[in-house]
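>>> pasting the sequence and the predicted coordinates here, then a few questions.
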Amino acid sequence: MCRIREELYNLLRAENPMTVRQVFYQLVSRGVIAKTESEYKQTVVRLLTVMRRSGDIPFGWIADNTRWMRKPRSYSSLDDMLEREQEFYRRAIWDDQDVYVEIWLEKDALAGVLFEETGPWDVPLMVTRGYPSVSYLYEAAETIKDQGKPAYLYYFGDWDPSGVDITKTVERGIREFSHGADIEFKRVAVTLQQIEELNLPTRPTKKTDSRSKNFSGESVEVDAIPPLTLRNLVRQSIERHVDRRTLGQTQQIEAAERATLVTIREQMDGFL
């Protein structure tokens, strides 16, 4: 058990944040544990809980997107507001770019992992949580249509009967509600090529899934892709569309506007 704890620590130190499921698949790939649900629950889940409670690993190394506090943003004072906005102000990157980009994700649990890449690039991370509702697709399509320029949507989801069908459902709904918007939709992961090239751990396809009759072979969860590889796929999907010269101009304007906030705050200090 000490060896497994050491493997957990070294893995997370190198590739955090990860979901618990990602940790499980990485240990399976490395031959540390067997690919069973018992090992997942009794070994990985249990040890990660113990190690976080004991302080052996930081809580921030494990991504958990299932629980969020919902509260309106508020401030202690006007000066506090100006100080925070000065620190966090960002100019919208894609307003000045010739295209618009979104990353779509089937699993909410992985949102914290992918946000490591989408956040710095100001790219929307659209989480479907399985099959998205019609309202969700309609609102997403309205946003894309309002951009008035080519949109590139990159999808990350499981390779199983429902996962493959969700991809088609999302693309079909977005195209239906965007009314002819210029959209390129691409499934980035998981693909059959990745399953073979990365030797991804598989799981038996659920025969209870009504779509399994049109699906052949075993299933693979998107969590099975190594975290660094997964983040690289997200980053590459985004960066191929960035005009660096335009980005530089946007960043210069952002710096000037942030300096303006500093000036406003300094002037306010004289009155408060």
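That came through, no problem.
>>> which stretches of the protein form strands?
100-105, 125-127, 151-156, 183-189 (DSSP state E).
>>> which elements pack onto the longest one?
Applying 3 or more CB pairs under 8 Å, 6 or more residues apart in numbering; DSSP states H and E, one finds that strand 183-189 makes contact with strand 151-156, helix 161-178, helix 227-239. For the C-beta atoms, the positions are set from N, CA and C on the backbone; glycine is no exception.
>>> which of those sits closest to residue 215?
Closest of the helices and strands packed on strand 183-189 to residue 215 is helix 161-178, at 4.2 Å (criterion: CB to CB).
>>> now do that closest one: distance to the chain's middle.
Relative to its parent chain, helix 161-178 has a centroid offset of 18 Å by CA atoms, centre = their mean, to the nearest Å.
>>> and it with strand 100-105, angle?
150 degrees (axes from the mean of the first three to the mean of the last three CA atoms, to 10 degrees).
>>> okay, buried residues for helix 161-178 please.
Going by neighbour count (16 or more other CB atoms under 10 Å), the buried part of helix 161-178 is 161-167, 170-171, 173-175, 177-178.
>>> in the chain, which helix or strand is least confident?
Least confident helix or strand of the chain, by mean pLDDT, DSSP states H and E, is helix 78-88 with a mean of 81.
>>> neighbours around the closest residue to residue 63 other than its chain neighbours, how many?
Of all residues not flanking residue 63 in the chain, residue 112 sits nearest, at 3.3 Å (CB to CB, 6 or more residues apart in numbering). Residues lying near residue 112 (other CB atoms under 10 Å) number 18.
>>> who touches residue 112 in this structure?
Neighbouring residues of residue 112 by CB atoms under 8 Å, 6 or more residues apart in numbering: 17, 19, 63-65.
>>> show me the shaky parts of the stretch 1-150 of the chain.
Judged by pLDDT under 70, the stretch 1-150 of the chain has its weakly predicted residues at 65-69.
>>> at 80 what do you get?
Applying pLDDT under 80 to the stretch 1-150 of the chain flags the ranges 1, 64-71, 85-86.
>>> ok, the nearest residue to residue 141 once chain neighbours are set aside - contacts?
Excluding its sequence neighbours, the residue lying closest to residue 141 (CB to CB, 6+ apart) is residue 177, at 3.5 Å. Applying CB under 8 Å, 6+ apart, one finds that residue 177 lies in contact with 137-138, 140-142, 145.
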